[in-house]
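**Q** Test case, fold it:
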Amino acid sequence: MAGENRIKKIRNIGIIAHIDAGKTTLTERILYYTGKTHKIGEVHDGQATMDWMPEEQERGITITSAVTTCFWQGKEIHIIDTPGHVDFTIEVERSLRVLDGALGVFCAVGGVEPQSETVWHQADKYKVPKMAFINKMDRLGADFWGTIEQMKEKLGAYPLILTLPYGAEDSFQGIFDIIKDRWIYWDEASEGREFEERPVPPEHKEDVALAREGLLEALSEINDEIMEKYLGEEEITSRELHQAIRKACITLTGVPVFCGSALKNKGVQPVLDGITRYLPSPLDIPPIVGINPDTGQEEERPARYNSPLSALAFKVQMDQGRKMTYVRIYSGLMKAGEEVWNSAKKRKEKVARILQMHANKRERIKEAGAGQIVAVMGLKRSSTGDTLCDPEHPILLEPIETYQPVISIAVEPKTTGDQEKIEAALNKLAEEDPTFKVRYDEETGQTIISGMGELHLDVLVHRLLREFNAPVNVGKPQVVYRESIQDEATVTERFDRDIGGGRQVATVTIKVYPRQRGEGNRVASELPPERLPEGYEELILETLRQGLESGVLRGFPMIDVGVVLKDAVFEEGLSTDIAFRAASTMGLKKACEAAGPVLLEPMMSVEVLVPENYMGEVIGDLNSRGGKVEHIEPRGPVQVIRASVPLARMFGYSTALRSTTQGRGTFTMVFSHYDLAS
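**A** Numbering: from 1, shown residues only. Next up, the predicted model:
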């Protein structure tokens, strides 16, 4: 029971948002007010606790998701501060995969920006309950109600407004607590530590009363008990309201909304109250489900200490040359010094040390249990997405989806003696980051690194120098293309050769056909039962899957291709594994060549914010880059232009936009889809 009481008090939350919405600034206040730090670190000074990497401090952005633990009102809060830049979206994806709740931060001026939309929908995908904090209410152009409308339109959210801003821009003076019917006033001299609850000023009584009425109406639409009391004009207590809001949040039917200014230290403590009050503990969410690798059956693992151990490795980090693995424990206990079973790799691993993390500081602990997020030293072979479990009760949890890189550059050592050092360093970085790929090009003799964008690769090249003392020369960015087909084709391929003094024969018939863009590849068999001896059918299908990794035009991976094994002929005494592999590979190549192969290039979804008087030049420039403008809308003093543009034409765009708009235009770019190369 003691274990269950502790698990009930845990909150695993992530702070998610667009770049510059104020996630790290908010996290710094949370750490300060919970007593975890003794001073507030500011992002603009390069002093933020959670932005501990030198790269983050210099650029003023979050690159890696940092984990920390703090306490508020008897609750243990594990916080992951995630990056807002699209190049580091894998950090958000793998964090959301292991979190129980998320706090979305929105800029009251920018509203719901593109990356906010992306991460919010990522959280939807994993069914993560969410709260929202509308930040920067003190900034020029702050629009609380405008942001609420954008949350409804762009996110499909159902806002439950719990605090209202008192004033805005220069006159922002605090917030109104809708449930308590009070004005909360922060003392600036105490850096926001001290605050008072005051009566609502008479001129704002009506606004607060209307907001409370709006909250009751919103709750009565999704909660039958509140509806009965509301329609019967009975009194609804604060406790009943809190319970209804918590239920709405956990069941994903409502989003509690708070507001304030993290930089000005106003509005943070109500958010902490909201995290402990409304977001779920590991016991409030359904037990994790996985597959028993021995039986192939689904099994549940309830969040209890006495359940068999199940945990997911969601992040790998190199720490002074040693491997540190971040782990979310879903059930059972993990103890330092004991062995665990990696069911993805089918091998035992030794848990040398368990660490409770505070950004890049740590505290050694002897054991960790269900609901906790910890770092583990000693797991030599485990990587992102692997399941760690009790050797006696194996389970395989759903792995973490990764993204395919869209941009490549060639790197080479500055001196020939550094080749081995650079190879080792690149392999370590690739182990940390599943979206970073390294390959050696036999034709050119170059090492090619691929990633999610220019910033992503730029950061990694700087890390090579700073962390591994491995300077490199860098080539120009290259786009990672894909290949596909436009038509159907069926080919029968017979392989018949003497190899190693013996004749080897196999015949296969393969059909290829195009699939809808974005549907992915599909390899299937239409062979009648017992057409081939056991094992050969799966061997052919696996060869066909591997064959799609290299296209027929320029060797890029093929996407959205359907492959069907129509027939195969086995000749006793002559047919072998090698013959079937060779026939399948050659047959697939010939079928794709006959099916109208095409080259595809990555298209980016671009959103540009510009003052109105620069609109014409910016649209003209996008058109000249082969872009299609899809939508233009006003957002306060600026215009928002949405366009689809080939990635190959977007290199150097930030410099061009700065010069066109005299530094007043900004843009964001997200991978959208692959389309025919122009």
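
**Q** Grab the nearest non-local neighbour of residue 221.
**A** Sequence neighbours aside, residue 227 is the residue nearest to residue 221 in space, at 7.4 Å (criterion: Cβ to Cβ, 6 or more residues apart in numbering). (Glycine included, C-beta is placed from N, CA and C.)

**Q** Against which helices or strands is the helix or strand harbouring that neighbour packed?
**A** Using DSSP states H and E, residue 227 maps to helix 224-231. Using 3 or more Cβ pairs under 8 Å, 6 or more residues apart in numbering; DSSP states H and E as the contact test, the elements touching helix 224-231 are helix 205-222, helix 238-250.

**Q** Name the surrounding residues that touch the longest one.
**A** Going back to what we said before, that points to helix 205-222. 158-162, 164, 176, 178-179, 181, 200, 226-227, 230-231, 236, 241, 244-245, 248, 253-254 (Cβ atoms under 8 Å, 6 or more residues apart in numbering).

**Q** make it 7 Å
**A** With contacts defined as Cβ atoms under 7 Å, 6 or more residues apart in numbering, helix 205-222 is touched by 160-161, 164, 176, 178, 181, 200, 226-227, 230, 236, 244, 248, 253-254.

**Q** Most neighbours among those residues, please name it.
**A** Most neighbours among the contacts of helix 205-222, by other Cβ atoms under 10 Å: residue 254, with 27 neighbours.

**Q** Contacts only, for that residue.
**A** For residue 254, the contacting residues are 158, 160, 218, 222, 245, 248, by Cβ under 7 Å, 6+ apart.

**Q** what do you get for residue 372?
**A** Contacts of residue 372 by Cβ under 7 Å, 6+ apart are 10, 329.

**Q** gap between it and residue 6?
**A** Separation of residue 372 from residue 6 (Cβ to Cβ, to the nearest Å): 9 Å.

**Q** buried sites along stretch 5-13?
**A** Of all the residues in stretch 5-13, those buried under the rule 16 or more other Cβ atoms under 10 Å are 6, 7, 9, 10, 11, 12, 13.

**Q** quick one: terminal-to-terminal distance for it?
**A** End-to-end distance for stretch 5-13, by Cα to Cα, to the nearest Å: 19 Å.

**Q** again, but for stretch 187-205
**A** End-to-end distance of stretch 187-205: 22 Å, with Cα to Cα as the criterion.

**Q** ok, now stretch 277-292?
**A** End-to-end distance for stretch 277-292, by Cα to Cα: 35 Å.

**Q** Over to stretch 11-30?
**A** First residue to last in stretch 11-30 (Cα to Cα) measures 14 Å.

**Q** now it: mean pLDDT?
**A** The average pLDDT within stretch 11-30 is 79.

**Q** Might you report the residue contacts of residue 490?
**A** Applying Cβ under 7 Å, 6+ apart, we find residue 490 in contact with 509, 511, 566, 591.

**Q** how far away is it from residue 571?
**A** Using Cβ to Cβ, residue 490 is found at 21 Å from residue 571.

**Q** same question, residue 651
**A** Note on residue 651: its distance to residue 571, by Cβ to Cβ, is 54 Å.

**Q** and if you look at residue 145?
**A** Residue 145 is 76 Å from residue 571, where distance means Cβ to Cβ.

**Q** what about residue 418, which SS state?
**A** helix (DSSP: H, G, I helix; E, B strand; the rest coil).

**Q** what sits against it?
**A** Applying Cβ under 7 Å, 6+ apart, we find residue 418 in contact with residue 470.

**Q** for residue 73, same thing?
**A** Contact partners of residue 73, counting by Cβ under 7 Å, 6+ apart, are residue 276.

**Q** Show the pLDDT at it.
**A** pLDDT recorded at residue 73 is 87.

**Q** Now do the contacts for the spatially closest residue to residue 246 that is not a sequence neighbour.
**A** Spatial nearest neighbour of residue 246, chain neighbours left out: residue 278 (4.8 Å); criterion: Cβ to Cβ, 6+ apart. Counting by Cβ under 7 Å, 6+ apart, residue 278 touches 131, 245, 246, 249, 256.

**Q** looking at the chain, which helix or strand is least sure?
**A** helix 54-59 (a mean of 40; mean pLDDT, DSSP states H and E).

**Q** Strand partners (parallel or antiparallel) of whichever helix or strand comes after that helix?
**A** Moving toward the C-terminus from helix 54-59, the next helix or strand (DSSP H and E) is strand 66-72. Using DSSP bridges, strand 66-72 pairs in its sheet with strand 75-81 (antiparallel).

**Q** residues in contact with the partner strand?
**A** 9-15, 23-24, 27, 30, 50, 62, 65-71, 95, 99, 275-276, 373.

**Q** shaky segments in the stretch 1-150 of the chain?
**A** Counting by pLDDT under 70, the ranges of the stretch 1-150 of the chain that qualify are 1-3, 18-21, 36-66, 81-94, 114-115.

**Q** so where do the helices sit in it?
**A** For the stretch 1-150 of the chain, the helices defined by DSSP state H, counting those that start in this stretch occupy 2-8, 23-33, 54-59, 89-98, 114-125, 144-155.

**Q** other SSEs contacting the second one?
**A** Contact here means 3 or more Cβ pairs under 7 Å, 6 or more residues apart in numbering; DSSP states H and E; on that basis helix 23-33 packs against strand 10-16, strand 66-72, strand 75-81, helix 268-278.

**Q** Name whatever forms a beta bridge with residue 291.
**A** Note on residue 291: beta-bridge partners by DSSP bridges are residue 298, residue 396.

**Q** Now do it, the pLDDT please.
**A** Predicted confidence (pLDDT) for residue 291: 87.

**Q** That one: how many residues sit nearby?
**A** By the measure other Cβ under 10 Å, the count of residues near residue 291 is 17.

**Q** Please look at it and residue 301 and confirm they touch.
**A** No: in this structure, residue 291 is not within contact of residue 301 by Cβ atoms under 7 Å, at 11.6 Å.

**Q** Can you mark which positions in the helix or strand residue 256 falls within are buried?
**A** For residue 256, the host element (DSSP H and E) is strand 255-259. For strand 255-259, burial by neighbour count (16+ other Cβ under 10 Å) applies to 255, 256, 257, 258, 259.

**Q** go on, stretch 313-329?
**A** For stretch 313-329, by 16+ other Cβ under 10 Å, it's 313-318, 323-329.

**Q** between these, which is closest to residue 530?
**A** For the buried residues of stretch 313-329, the closest approach to residue 530 (Cβ to Cβ) belongs to residue 313, at 41.6 Å.

**Q** Enumerate every residue touching residue 33.
**A** Neighbouring residues of residue 33 by Cβ under 7 Å, 6+ apart: 193, 268, 269, 272.

**Q** buried subset of the residues you listed?
**A** 268, 269, 272.

**Q** I figured the last one hits residue 30, correct?
**A** Yes: here residue 272 reaches residue 30: they are 6.3 Å apart, a contact under Cβ under 7 Å.

**Q** by contact count, what packs against the lengthiest strand in the chain?
**A** Ranked by residue count under DSSP state E, the longest strand found in the chain is strand 597-611. Applying 3+ Cβ pairs under 7 Å, 6+ apart, one finds that strand 597-611 contacts strand 482-485, strand 638-646, strand 666-676.
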